[in-house]
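Chemist: Give me a 3D structure for the following:
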Amino acid sequence: MLALLATAAVVFVMLRSPVTPQTVVNSSNTGLTTTWHDGSNKLEVTAIGFRKKSVAKVRIGSEAWREIRADENGTVHLVVELGPAAGRAGTSVLVSGRSAGAGSRTLLGGLPPAASAHGPRDALPWALAGLLVVMALITGFGHRPRRGIHRRGARRTPRVPAETASLSLA
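Modeler: Predicted structure coming up:
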């Protein structure tokens, strides 16, 4: 029984891990990536394929346009803190600017759902540990013999009344 309880404790410890706080939506076709940070309202927007050091405009949902300068590689990088209304899953993210060639480049994407702190993975260790505890209790207390049966010194053969024994001898 103690072995089952120890196994339950080991399984609980092994399966216990924090939920990954970042949720990433990456579109390899468009080059736009949006990532939530640390379960907060901070959103990171990364867009690639723009002209070096050119100005790009970023719009998230219905908020005002923001002008961001691309780096030497043509990557637009923005970290912004959003309010609860603007940070809903599916809110549009629009990045517009000059492409590495001579044309314009516009990338469109959506916000990913924020990572929740609780999910089915959090319940799994508790369910396994509970199952192992129930198994230990059943093993420890469920297979007890009934009183009076199989006791030491008890007769295992049924008693035959004396009258029946004398009839069979004759």
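
Chemist: What number of residues are in the vicinity of residue 34?
Modeler: For residue 34, the neighbour count with other C-beta atoms under 10 Å is 22. For the C-beta atoms, the positions are set from N, CA and C on the backbone; glycine is no exception.

Chemist: Following element in sequence after the helix or strand harbouring it, please.
Modeler: Using DSSP states H and E, residue 34 maps to strand 32-37. Downstream of strand 32-37, the next assigned helix or strand under DSSP H and E is strand 42-47.

Chemist: and the strand holding residue 34, which strands flank it?
Modeler: Using DSSP bridges, strand 32-37 pairs in its sheet with strand 24-27 (antiparallel), strand 42-47 (antiparallel).

Chemist: Quick check: buried residues in the longest one?
Modeler: So that's strand 42-47. By neighbour count on 16 or more other C-beta atoms under 10 Å, the buried set for strand 42-47 is 43, 45, 46, 47.

Chemist: where in this structure is pLDDT low?
Modeler: For the chain, applying pLDDT under 70 flags the ranges 1-5, 8-29, 38-39, 84-87, 114-121, 143-170.

Chemist: where along it do the strands fall?
Modeler: 24-27, 32-37, 42-47, 55-60, 66-69, 76-81, 92-98, 104-110 (DSSP state E).

Chemist: which parts of the second one are buried?
Modeler: Spelled out, it's strand 32-37. Neighbour-count burial for strand 32-37 [16+ other C-beta under 10 Å]: 32, 33, 34, 35, 36.

Chemist: who does the last one bridge with?
Modeler: Read it as residue 36. Under the criterion used (DSSP bridges), residue 36 bridges to residue 43.

Chemist: Okay, it and residue 75: tell me how far apart.
Modeler: To residue 75, residue 36 is 19 Å away according to C-beta to C-beta, to the nearest Å.

Chemist: again with the third one
Modeler: Between residue 34 and residue 75 the distance, using C-beta to C-beta, works out to 14 Å.

Chemist: Count the residues that sit near residue 97.
Modeler: Using other C-beta under 10 Å, the number of residues around residue 97 comes to 23.

Chemist: So what sits opposite it in the bridge?
Modeler: Assigned bridge partners for residue 97, using DSSP bridges, are residue 105.
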